[in-house]
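Novice: quick one, fold the following:
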Amino acid sequence: MSVLVIPYDSTLQIRLVVGINPESGKPIIRSKSFNRVKNTSNEQDVFDVANQLISLQKSSLDEIRLNKSEQLTS
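Specialist: The predicted structure is shown next:
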């Protein structure tokens, strides 16, 4: 029996460095999530939009994540 993959909408997560912890010296990370990214969206397009959103932020970028969800069924 073969597996059928049904893609769901994805989530774009932008992780930002908002400061430094004075005790540990590690960066303080906050994330902003944007839900319902269409599963047909090209990764390059999502990356370009994320960079445009980052340009509107006061904090610096830690990383960009794209979390894709899929259902596996038979």
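
Novice: which residue is nearest the middle of this protein?
Specialist: With distances taken as CA atoms, centre = their mean, the residue of the chain nearest its centroid is residue 13 (2.3 Å).

Novice: partners of it in the sheet?
Specialist: residue 33, residue 65 (DSSP bridges).

Novice: does it touch residue 30 like I think?
Specialist: No. With contact defined as CB atoms under 8 Å, residue 13 does not count as touching residue 30 (10.8 Å). In short, each C-beta sits where N, CA and C put it, glycine included.

Novice: circling back: quick one, what contacts the residue nearest to the centre of the chain?
Specialist: 31-34, 64-67 (CB atoms under 8 Å, 6 or more residues apart in numbering).

Novice: for it, give me the pLDDT.
Specialist: As predicted, residue 13 sits at a pLDDT of 98.
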